[in-house]
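Student: Model the structure of this input:
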Amino acid sequence: MVSLKFQESNENSLVFDLALRWAGNAVIVLAIKLLSLEVTVQLIDIHISAATRIILKPCVPTFPCFANIAVTLMEKPQIDFWLKVMGGDIMAIPGLYQCVQVQVSFILGAAKKPVGILHVKVVRATKLLNMDFLSTPDPYVKLSLSGERLPAKKTSVKMNNLNPEWFEDFRMTVKDSQCQVLQMHIYDWQKFGAHVYLGMQAIPLKILIPYEKKEFILNLLKSMDPDDHITRSLEVKLLWRRRLFLSWKTVKDFLELWIMSKIEVLMMLRRRLL
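Tutor: Below is the predicted model of the structure:
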């Protein structure tokens, strides 16, 4: 923390601006293949600075003395780092440092900002198809949001079960509530070889009402064609928190959302370097 500045407010709230700087000596190693040659790139000396505004509102007489917290970035964060290729410092090449900084700035500006969190509870599936005649399937569910590059979330595997129950909770970062779709695919886990596809379903986020829990019992589909359904079902419960204005109990959700968004930026940067 570099500086802390409080803002005057006539409302029942506390507003302060927080300037943050972080410097780490972590070393991130990327292996880049050029034809048959593998080149090792090291990302070192990472420095991040950001200006944030934190609003605690409304104030209450009991601990922690506020009911909600809102955190926003006042400006685009600054990210600085150093690159080494095969142990050599390539950032010393004239013009390369400025070129890399332009790419980083472009990625930060182009990335969509999170608009909220989708809470998903995978409850159960019923009467799943037995695609393996020698044994009962071992099903699990993969969850993802359309347009995301992050790895899909997965439930646990329920061994030898045609009617599995999970009751497992997941939190997913939403960047466009009008266009994104929650995609759910069920697979039969295999110890060897590819996992067997059992069915899928999708729920557009635009049909959800903010802060209202919604339960769905959906017929599984073989594909995205709504007429291509099979007589099996998947039950899920959803809660859509539209704004990043979180209760004290969900501050952890916000921190996780922020960290995942930064991981996505680093992944985009890695693809550009490749």
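Student: Shouldn't V123 be within a helix?
Tutor: No. Assessed by DSSP: H, G, I helix; E, B strand; the rest coil, V123 does not belong to a helix; its assignment is strand.
Student: residues near it, how many?
Tutor: For V123, the count of nearby residues is 16 (other C-beta atoms under 10 Å). Where you see a C-beta, it was placed from the backbone N, CA and C, and this is true even at glycine.
Student: Verify the contact between V39 and V85 for me.
Tutor: Yes. The criterion here is C-beta atoms under 8 Å, and V39 meets it with V85 at 6.3 Å.
Student: Just want to know which of these two has more residues nearby.
Tutor: Applying other C-beta under 10 Å to V39 and V85 shows that V85 carries more neighbours, namely 14 against 11.
Student: which secondary element of this structure has the worst mean pLDDT?
Tutor: The helix or strand of the chain with the lowest confidence, counting by mean pLDDT, DSSP states H and E, is strand 245-247 at a mean of 45.
Student: what bits of the stretch 151-274 of the chain have low per-residue confidence?
Tutor: By pLDDT under 70, the low-scoring segments of the stretch 151-274 of the chain are 223-231, 243-274.
Student: right, I mislabeled it, should have said the stretch 1-150 of the chain
Tutor: Using pLDDT under 70, the stretch 1-150 of the chain drops low at 1-3, 5-11, 34-35, 86-88, 90-113, 132-133.
Student: can you pull out the helices in it?
Tutor: Assigned by DSSP state H, counting those that start in this stretch, the stretch 1-150 of the chain shows helices spanning 96-110.
Student: Tell me, how many residues neighbour the residue lying closest to W22 once chain neighbours are set aside?
Tutor: Computed as C-beta to C-beta, 6 or more residues apart in numbering, the closest residue to W22 that is not its neighbour in sequence is I48, at 4.7 Å. I48 sits with 15 neighbouring residues when counted by other C-beta under 10 Å.
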